[in-house]
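In: Below: sequence and its predicted model.
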Amino acid sequence: MKTLATDRLILRNFTKNDAEDLFAYLNVPTISCFLCLALENIEKAAQEAEKRSKSDDYIAVCDKSSGQVIGDVFGVAEKHEKDVFAVGWNFNPSFQGKGFAHEAASALFDHLFTEKNARHLYAYVEDTNLSSENLCKKLGMRKEGHFIEFVSFKNDANGNPIYENTLQYALLKREWDAQRVK
């Protein structure tokens with residue numbers, strides 16, 4: 001992916017040198033859907049950073065002034081619908097609540113709609129993740145679905161799956177364009 005710049009951020013491909021910053025927010029993920037990405041040590045973080053450096057699936061979000069990776073965004077095309085993208089974000093808790101996710105996601109959406117010819121973006125959000133739900137709304141996404149006991153990311157003490165309710169938000173290119181005109 002080409003590097004994108006916003007007022008406060010740089011969005012770029014990961015490099016193998018991003019392991020320490022990646023470990024800072026993936027050693028103990030705070031959102032259930034990212035538990036499968038948990039990194040147990042810096043060596044695993046180095047492997048993950050190397051893997052991410054070879055793909056456009058995860059885009060590093062860097063603080064422009066320090067260069068530190070503060071999170072990531074993704075926009076992955078569906079296999080059978082090349083103009084439909086699953087989108088999402090994951091940020092270091094130390095940088096949450098400062099508008100960085102909105103700034104990064106807006107840049108990603110612009111990129112997907114203009115450079116990748118996206119027609120439809122969608123995001124899955126656990127119904128307990130109010131900050132991501134609010135971000136979807138702020139980005140102009142609309143709620144398309146509410147799936148009850150949709151997915152499990154962890155088990156209880158007895159090994160039984162704990163199912164979570166999941167919301168689906170979506171945005172069409174024409175909706176994005178219309179809100180940009182305002």
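Out: Yes, it's here.
In: Hmm, Gln96 is touching Leu130, no?
Out: No: applying CB atoms under 8 Å as the test, Gln96 and Leu130 come out as separate, 11.8 Å apart. C-beta: built from backbone N, CA, C; applies to glycine.
In: who's more crowded, the two?
Out: Per other CB atoms under 10 Å, whichever of Gln96 and Leu130 has more neighbours is Gln96, with 15 against 10.
In: what helix or strand does Ala104 sit in?
Out: Using DSSP states H and E, Ala104 sits within helix 100-114.
In: Does anything pack onto that helix? Which helices or strands?
Out: Applying 3 or more CB pairs under 8 Å, 6 or more residues apart in numbering; DSSP states H and E, we find helix 100-114 packed against strand 4-5, strand 9-13, strand 58-63, strand 69-77, strand 84-91, strand 120-126, helix 130-138, helix 173-181.
In: now the third one against strand 9-13, angle please.
Out: In this case it means strand 58-63. Angle between the axes of strand 58-63 and strand 9-13 is 150 degrees (criterion: axes from the mean of the first three to the mean of the last three CA atoms, to 10 degrees).
In: mind listing what strand 58-63 pairs with, with the direction of each?
Out: Strand 58-63 sits in its sheet next to strand 9-13 (antiparallel), strand 69-77 (antiparallel), going by DSSP bridges.
In: beta partners for the spatially most central residue of the chain?
Out: Centroid-nearest residue in the chain: Trp89, 1.7 Å away (criterion: CA atoms, centre = their mean). When assigned by DSSP bridges, Trp89 has beta-bridge partners Val73.
In: and it, what pLDDT?
Out: If you check Trp89, the pLDDT there is 96.
In: for Phe150, same thing?
Out: 86.
In: pLDDT below threshold where in the chain?
Out: 32-36, 182 (pLDDT under 70).
In: Okay, the closest residue to Ser131 other than its chain neighbours and Gly145: tell me how far apart.
Out: Sequence neighbours aside, Gln96 is the residue nearest to Ser131 in space, at 6.8 Å (criterion: CB to CB, 6 or more residues apart in numbering). For Gln96, the distance to Gly145 equals 25 Å [CB to CB, to the nearest Å].
In: For Ser132, see how far away the closest residue to Cys62 other than its chain neighbours is.
Out: Closest residue to Cys62 apart from its sequence neighbours, by CB to CB, 6+ apart: Ile10 at 4.4 Å. Ile10 sits 22 Å away from Ser132, going by CB to CB.
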